[in-house]
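> Have a look at this prediction, sequence included:
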Amino acid sequence: MYLLILAILIPFIATALIPLIHKRIGAFHIGWFVLLVPLALFLIFIMQIPAISNGETLIQAVNWIPSIGINFTVYLDGLSLIMALLITGMGSLVVLYSIYYLSSSDSFPHFYAYLLLFMGAMLGVVLSDNLLVLYVFWELTSISSFLLIAFWYHRKNSRYGAQKSLLITVFGGFGMLAGFLMLHSMTGTFSIRETAAVVGQYTDHALFYPAMFLVLLGAFTKSAQFPFHIWLPDAMEAPTPVSAYLHSATMVKAGLYLVARFTPIFGGTAEWFWTITIVGLITLFWGAFCAVRQTDLKALLAYSTISQLGLIMSLLGLGSAALHFGDGEQGALYGLAIFAALFHMVNHSTFKGALFMVVGIVDHQVGTRDIRRLGGLMAFLPITFTFAVIGSFSMAGLPLLNGFLSKEMFFTASVNAVSLPIFGVSTWGLLIPIIAWTASVFTFVYCMIFVFRTFFGAPQLKKLDRKPVEPSIGMLISPAILCVLIVGLFFAPNLLGDHLLKPALHGIIPGISGAAPHISAWHGFNTELFMTLGIIVVGTLLFLTFRSWYKIYLIQPAGWNFTVLYNSLLQDLKRAANWITTHYMTGHLPAYFAYIFVFFIAAAGGALISTGALSIDLTADSPITTYEGMLIAVMAIAAISIPFAKSRLTAILLNGVLGFSIAIFFVLFRAPDLALTQLVIETVTTVLFLLCFNFLPEWKTEDSSKRIKIRNAVIAIAAGVIVTLIGLTVNSGRLFESISGYFEDSYELAGGDNIVNAILGDFRAFDTMLESLVLFIAGLGVYTLIRLKHGKGPGKDEH
Amino acid sequence: MESLIIILVGVLTTVAIYLVLSKNVVRVILGTAILSHAVHLLILAMGGLKQGTVPLLGEEAEIYVDALPQALILTAIVISFAVTAFILVLAYRAYQELETDNLGAMRGSDDE
């Protein structure tokens, strides 16, 4: 049974089919076909719940590149199942919603192709057991996110947001890949399960902590954790269904998934605990704090998402302490934080999804989502208003809604953390509940802003593009289902807890046993309840007096934020790249020649020295006669005189001396064919030079500066020395037997007495044929260049 | 003998590269011509010098000199001639079109 592998592949297959279907169906909306994919997958995953809730796990594997340990292994446990249900469930609702949201001028095939691409990639991320396969799917989600953010690519902001999100998430993804490779070099396996089983032996390994931080870099960038959160607000340029799906419910939770998945591997160490907890808490606070000042409803929700992701992240950090204790009462106590994280992850998807859909409806119906232009919409959009209240009150953590339950569990976890006896928590531990509480106050404030600024107060109908009316029923179905879930989960949280959260918790903290935490709404008058009451009181006061404390946002100078840093980094990078290119790509041929020779000196000389190959042995040399010695002296003097020649005629004649001397050498060295050819060619070349000189200006003495001349001389001498050394080294000893003996049978093999001719005409006949082709092409080139008609400047030389 | 020829190759290479790095087109062309002389001598020296007779089977000698480098050089001489001829004509055309034989002045337009 390869049902799970098929589940990953189905969206990709559907993606490929979209263009074909789109052409056939005419006026019928393609979204209805697309809807079938997540719905079917959702049902498939629902059917896995009984087995998973019994504590079973499913593994299906297809060998892909087994020689290097890359296999398509699909692993379904509680954690994967929660994510898969979120991806397919939210996917169904979002596709349904988008059918009514998109306008007829949008390109449906593109939109749904990207969306399905994302869905398949995201399922691949949460179901893969193989690290490299996971990485590939991980980057694929970044790419599909990029395509969806830039869906309205004619807008400058969309393109900017898409690029920003891609650069930041792919940057983190690369770090993560390096972390994966480090893990592999430690453990020798790419399987996450196998790594978790053996990683205990490697905690002292030098790569253990680098691998941990690199994996976290990937998780933090993907889940928009401080300071990498800056891409998420800009990602809001995407169509609202995309924001609801990718940028609140699923893709940004991939980082959380990764942290949860790697908790059995890295969890239980102080570094893991503190890094995740601190980053999570900072993100929680900063996101909530920034959300309050936003005037765009989607920007408000974006910062709110950042904040909520930070909340879940900090819970995952706090819960990792359980691994330090293993099985037992304390393990169970801190493991509760992981349980709360998973619970809040589900809850966040429900209420944030509903809220994004509400914003989408408002935007769609009145043409703006600017809080300053909105107000009093309650009378016009009563149903939408109801959804907004349910969603944001759940986010604020008010009773009778699911957000209340997970928020209380968050407070429990943060209060428990204070008494944690390890990792030096006792010093700073009290800050954890304080930051959690403060951030929650701001959360309450922006939730109220969302509801009251939009739906209460005096309507400003003149500022709106259209008169507000409720949208068609189709647009209301999806948020309605989510709102039912928000309320339903409050009254029956343990249905989710027992069947999904418990097996997921056991997957993350393997040592933990015993009964699952029981979720209940009422714990008596304890600290958590008073924290919630405090939030409501202080939050309400802050909301009402917003104008009087608004000025604290002006403390942060305008240029002091990470987006400015990001922009200037990007600018500097471009400028530096440009500077380097313009400085070495000069357009001057001599400069390029110099690069080539310097590189040759460095590469060949470096290899000669570093390999220790250099050796000089003169014993095998043949004797020298006086006549040969004189010839060598003549050639050396002629060569050295050429650069100093006053006229070009002298230079040409000296070059002729070289050529004819070589011909004599060929005779001396028993190469009659070469001598004949050299004599002919040298004569023709000299004549050709003289002929051309008739048309070229007189040889001027080199007008380069002295500095350049010295530089050229140094390069030339260095290259000459390297060539000499290589030649001497090769001459000193042979690594291989010569192959020339083979050609001495030329009469038997090729029917020729002249071995050189036999090689050229028979053994290497193709070389000779191509050589004549080169001659032919050169001749053609010469002919063309001479016949080319005169013309000045570009564009005039067509003939 | 071989070592001496190799040192001569080094001298020829030095001169050739010095000329190639120059700004004057004719010097560059002369440089490439000298460079091919150097390479031919180098290849020949690599095969060992004067150890045997001319590679003609009719000589019926015990040892022949290595024929393979000779075949390679023969090809190289012809091709280097073709290249020299081509760039000479190229220099001639470039001078006619651009009215300079200075490589420093020959470069792409700024808006590339």
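Structure's in. What do you need? Numbers count the residues shown, from 1 in each chain, chains lettered A, B, ... in the order given.
> can you give me the strands in chain A?
Using DSSP state E, the strands found in chain A span residues A:58-65, A:70-76.
> Return the residues in contact with the residue nearest the centre of chain B.
Taking C-alpha atoms, centre = their mean as the criterion, B:Ser36 is the residue nearest the geometric centre of chain B, at 1.0 Å. Residues near B:Ser36 by C-beta atoms under 8 Å, 6 or more residues apart in numbering or on different chains: B:76-77, B:80, B:84. Any C-beta I mention is one placed from the backbone N, CA and C, and that applies to glycine too.
> cool, A:Met212 as well?
Contacts for A:Met212 (C-beta under 8 Å, 6+ apart) come out as A:179, A:266, A:269, A:271-272.
> While we're on it, how confident is the model there?
A:Met212 carries a pLDDT score of 94 in this model.
> Centre of the chain to stretch A:721-728, how far?
46 Å (C-alpha atoms, centre = their mean, to the nearest Å).
> Give the buried residues for that stretch.
A:722-728 (16 or more other C-beta atoms under 10 Å in any protein chain shown).
> Please apply the same query to stretch A:406-423.
A:406-417, A:420, A:423.
> Now intersect these with the helices, please.
Judged by DSSP state H, these include A:406-417 as members of helices.
> out of those, which touch chain B?
Near chain B, judged by C-beta under 8 Å from any C-beta of the partner chain, there are no entries from those.
> how about the strands of chain B, start to end?
Going by DSSP E, chain B shows no strands.
> Listing request: residues of it with sub-threshold pLDDT.
Low-confidence segments of chain B, defined by pLDDT under 70: B:107-112.
> Which stretches in it count as helices?
With helices called from DSSP H, chain B shows them at B:2-20, B:25-46, B:67-98.
> And the pLDDT at the residue nearest to A:Ile143 when sequence neighbours are not counted?
Closest residue in space to A:Ile143, ignoring its immediate chain neighbours: A:Leu166 at 7.4 Å, by C-beta to C-beta, 6 or more residues apart in numbering or on different chains. pLDDT recorded at A:Leu166 is 95.
> Centre-most residue in chain A?
The centroid of chain A falls nearest to A:Val170 when counting by C-alpha atoms, centre = their mean (1.8 Å).
> Would you confirm that that one contacts A:Leu140?
No - contact criterion C-beta atoms under 8 Å: A:Val170 and A:Leu140 do not qualify, at 11.1 Å.
> between these two, what contacts are shared?
By C-beta under 8 Å, 6+ apart, no residue touches both A:Val170 and A:Leu140.
> Go ahead and confirm A:Phe490 touches A:Leu401.
Yes - applying C-beta under 8 Å, one finds A:Phe490 in contact with A:Leu401, separated by 5.5 Å.
> Show me chain A divided up by domain.
Listed domain ranges for chain A are A:1-214, A:267-509, A:588-733, A:744-788 (source: automatic domain parsing).
> Tell me which of A:Phe490 and A:Leu401 has more neighbours.
A:Leu401 (25 against 19; other C-beta atoms under 10 Å in any protein chain shown).
> Next one: the closest residue to that one other than its chain neighbours relative to A:Tyr153, how far apart?
Setting aside the residues directly before and after it, A:Leu401 is nearest to A:Ser394 in space (C-beta to C-beta, 6+ apart), at 3.7 Å. The gap separating A:Ser394 from A:Tyr153 is 35 Å, by C-beta to C-beta, to the nearest Å.
> so B:Gly10 makes contact with A:Val723?
Yes - counting by C-beta under 8 Å, B:Gly10 touches A:Val723, with 5.5 Å between them.
> which stretches of the stretch 351-500 of chain A form helices?
Ranges of helices within the stretch 351-500 of chain A are A:382-396, A:402-418, A:425-428, A:431-455, A:473-491, A:493-496, based on DSSP state H, counting those that start in this stretch.
> between the fourth one and helix A:402-418, what angle do the directions make?
With axes from the mean of the first three to the mean of the last three C-alpha atoms, to 10 degrees as the basis, helix A:431-455 and helix A:402-418 are set at 160 degrees to each other.
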